[in-house]
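K.L.:
this one's sequence-less:
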């Protein structure tokens with residue numbers, strides 16, 4: 001079966017659902033949302049490990065057009081965020097547009113017809129005038145290639161693919177990695193396991209997480225007077241906007257924050273040797289600052305060992321660190337992150353010249369205003385290159401990109417000839433980002449990146465690609481990005497035109 005649609009959205013996390021809501025609000029109803037899983041939620045569906053929660057306050061980590069007065073905690077857990085996304089799906093009538101169990105296997109640009117030909121795992125084919133890729137950078141787990149991993153007799157899984165049917169009670173568990181997931185998993189499973197060994201390549205900076213239940217009175221106030229929730233959100237946003245200068249222009253000012261983080265550690269970690277293992281040697285903020293009031297207390301427990309060296313080899317049930325130390329384990333949990341700078345979806349997108357997006361990005365990801373790649377007309381990405389944040393809510397960046405998407409579609413409508421009855425007589429157009437415009441935008445971003453803490457802080461992080469270039473984070477405020485993506489500048493695009501369109505029934509089987 002083949003179906004022709006105006007827009008195909010890939011993914012049903014925050015980015016994909018946000019795009020779907022915006023399309024409907026713009027009057028576009030001829031679209032589908034292709035989702036490889038059987039339910040919505042994206043990373044908040046896939047990551048269901050013990051202790052999983054957001055490190056951005058609830059009232060800021062939600063859509064401005066869909067406020068939730070009933071968040072139960074100041075920092076919401078995974079189950080509450082996933083429930084929120086299900087609510088958004090129903091509130092805006094998105095279910096008729098959802099196509100579950102439809103993983104995109106390949107999408108190919110047709111330069112003659114000016115549309116995308118999309119093959120899916122569901123056996124259905126889609127022809128789309130525009131593709132909005134919202135697969136997200138935290139969707140495909142990364143597991144390191146450890147020699148001997150295939151010899152391990154126990155259970156092995158990634159934090160984003162948690163094996164809930166496998167009881168960890170009384171077992172020896174190895175946690176590999178010390179990122180945000182590990183900081184939540186360790187306190188959650190430490191009381192259950194007989195022995196927990198944490199393999200740490202680089203210690204993170206950790207600040208307390210000031211989390212608490214939101215009282216019934218607060219929630220009732222937010223329901224009765226929505227402006228109070230808006231004020232709360234605005235205050236949370238404003239504080240983070242003020243913090244950006246230290247991350248992007250004056251990293252040395254972060255030394256005060258480092259002292260606070262060290263005091264936080266000292267309160268829970270009394271052993272000087274363990275404290276030395278857990279003290280980072282890079283500027284705070286270079287890697288994402290973790291928020292947890294339970295991580296350090298868990299590491300101080302007698303059934304926990306911290307190995308200040310990465311896992312280098314596995315010999316049966318014996319795990320060998322790079323420093324030669326050994327530990328026995330029954331279960332290995334990898335908290336080793338995701339394919340962020342080498343997103344697998346890029347291998348499945350074939351552009352105008354027959355090259356894949358991965359081939360186009362072989363020297364590093366770059367996209368005009370974080371959305372459009374040269375040679376890939378009428379294709380845009382949500383949470384694209386250099387749109388990530390180190391201290392605030394990604395929902396703010398997503399909504400800015402949705403503004404850009406909406407204006408992109410308006411420009412196509414203005415430039416094209418609308419179809420007549422039964423889809424006849426129209427003339428499709430496409431916008432292809434000019435290489436010069438992409439390079440100019442990327443050059444400005446990278447010039448600003450040179451003095452940020454992410455580039456100068458002395459660490460190696462997942463923000464950096466294989467060439468050591470930061471292709472992940474936005475080096476400015478969210479309000480700056482919103483201004484930059486308010487509307488499409490047609491001077492940055494080449495306008496492509498196709499002959500009059502065929503009848504709908506000629507392209508739909």
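P.N.:
Everything's here; your move. All of these numbers come straight from a predicted model, not from anything done at the bench. Numbering: from 1, shown residues only.

K.L.:
how many neighbours does residue 2 have?
P.N.:
By the other CB atoms under 10 Å criterion, the neighbourhood of residue 2 contains 12 residues. Backbone N, C-alpha and C define where each C-beta goes, glycine included.

K.L.:
hang on, isn't it packed against residue 120?
P.N.:
No. With contact defined as CB atoms under 8 Å, residue 2 does not reach residue 120; the gap is 11.0 Å.

K.L.:
Touching stretch 117-131 from outside, list them.
P.N.:
1-10, 32, 34, 36, 99, 101-110, 113-116, 378-380, 408-409, 412, 428, 430, 507 (CB atoms under 8 Å, 6 or more residues apart in numbering).

K.L.:
Can you check the distance spanned by that stretch, start to finish?
P.N.:
10 Å (CA to CA, to the nearest Å).

K.L.:
Flag every buried residue along that stretch.
P.N.:
Using 16 or more other CB atoms under 10 Å as the test for burial, stretch 117-131 gives 117, 118, 119, 120, 126, 127, 128, 129, 130, 131.

K.L.:
What of stretch 176-193?
P.N.:
In stretch 176-193, the ones that count as buried by 16+ other CB under 10 Å are 176-187, 189-190, 193.

K.L.:
again with stretch 267-285
P.N.:
268, 269, 274, 275, 277, 278, 280, 282, 283, 284, 285.

K.L.:
Export these to JSON lines and append columns for secondary structure, pLDDT and distance to residue 455.
P.N.:
Shown next, in JSON lines, are the buried residues of stretch 267-285 (DSSP: H, G, I helix; E, B strand; the rest coil; pLDDT from 0 to 100; distance: CB to CB, whole Å):
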{"residue": "268", "secondary structure": "helix", "pLDDT": "97", "distance to residue 455": "31"}
{"residue": "269", "secondary structure": "coil", "pLDDT": "98", "distance to residue 455": "30"}
{"residue": "274", "secondary structure": "helix", "pLDDT": "98", "distance to residue 455": "30"}
{"residue": "275", "secondary structure": "helix", "pLDDT": "97", "distance to residue 455": "28"}
{"residue": "277", "secondary structure": "helix", "pLDDT": "97", "distance to residue 455": "26"}
{"residue": "278", "secondary structure": "helix", "pLDDT": "98", "distance to residue 455": "24"}
{"residue": "280", "secondary structure": "coil", "pLDDT": "97", "distance to residue 455": "17"}
{"residue": "282", "secondary structure": "coil", "pLDDT": "97", "distance to residue 455": "12"}
{"residue": "283", "secondary structure": "coil", "pLDDT": "97", "distance to residue 455": "11"}
{"residue": "284", "secondary structure": "coil", "pLDDT": "97", "distance to residue 455": "15"}
{"residue": "285", "secondary structure": "coil", "pLDDT": "96", "distance to residue 455": "11"}
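
K.L.:
Can you pick out the most distant pair from those?
P.N.:
274 and 285 (23.4 Å; CB to CB).

K.L.:
For the nearest residue to residue 299 once chain neighbours are set aside, which three-state class applies?
P.N.:
Nearest residue to residue 299, sequence neighbours excluded (CB to CB, 6 or more residues apart in numbering): residue 306, at 5.9 Å. At residue 306 the chain is in strand, as set by DSSP: H, G, I helix; E, B strand; the rest coil.

K.L.:
hey, what's residue 306 bridged with?
P.N.:
residue 198 (DSSP bridges).

K.L.:
what's the neighbour count on it?
P.N.:
Neighbours of residue 306 under the rule other CB under 10 Å: 21.

K.L.:
ok, now the one 5 residues further on?
P.N.:
Neighbour count of residue 311, defined by other CB under 10 Å: 25.

K.L.:
same question, residue 201
P.N.:
16.

K.L.:
I'd assumed residue 332 was in contact with residue 152.
P.N.:
Yes. Proximity of residue 152 to residue 332 meets the contact threshold set by CB under 8 Å, at 6.4 Å.

K.L.:
Dihedrals phi and psi, residue 330?
P.N.:
The phi/psi pair for residue 330 (degrees, to the nearest 10) reads phi -100, psi -20.

K.L.:
Which residues lie in contact with it in this structure?
P.N.:
By CB under 8 Å, 6+ apart, the residues touching residue 330 are 154, 155, 171, 172, 173, 317.

K.L.:
ok, now with 7 Å
P.N.:
Counting by CB atoms under 7 Å, 6 or more residues apart in numbering, residue 330 touches 154, 171, 172, 173.

K.L.:
between those residues, which is nearest residue 94?
P.N.:
Among those, and counting by CB to CB, the member closest to residue 94 is residue 173, at 38.9 Å.

K.L.:
Test my guess that that closest one contacts residue 194.
P.N.:
No. Contact between residue 173 and residue 194 fails when scored by CB atoms under 7 Å: they sit 8.5 Å apart.

K.L.:
neighbour count winner among these two?
P.N.:
residue 173 (23 against 12).

K.L.:
In terms of helices and strands, where is that one?
P.N.:
Following DSSP states H and E, one finds residue 173 within strand 172-176.
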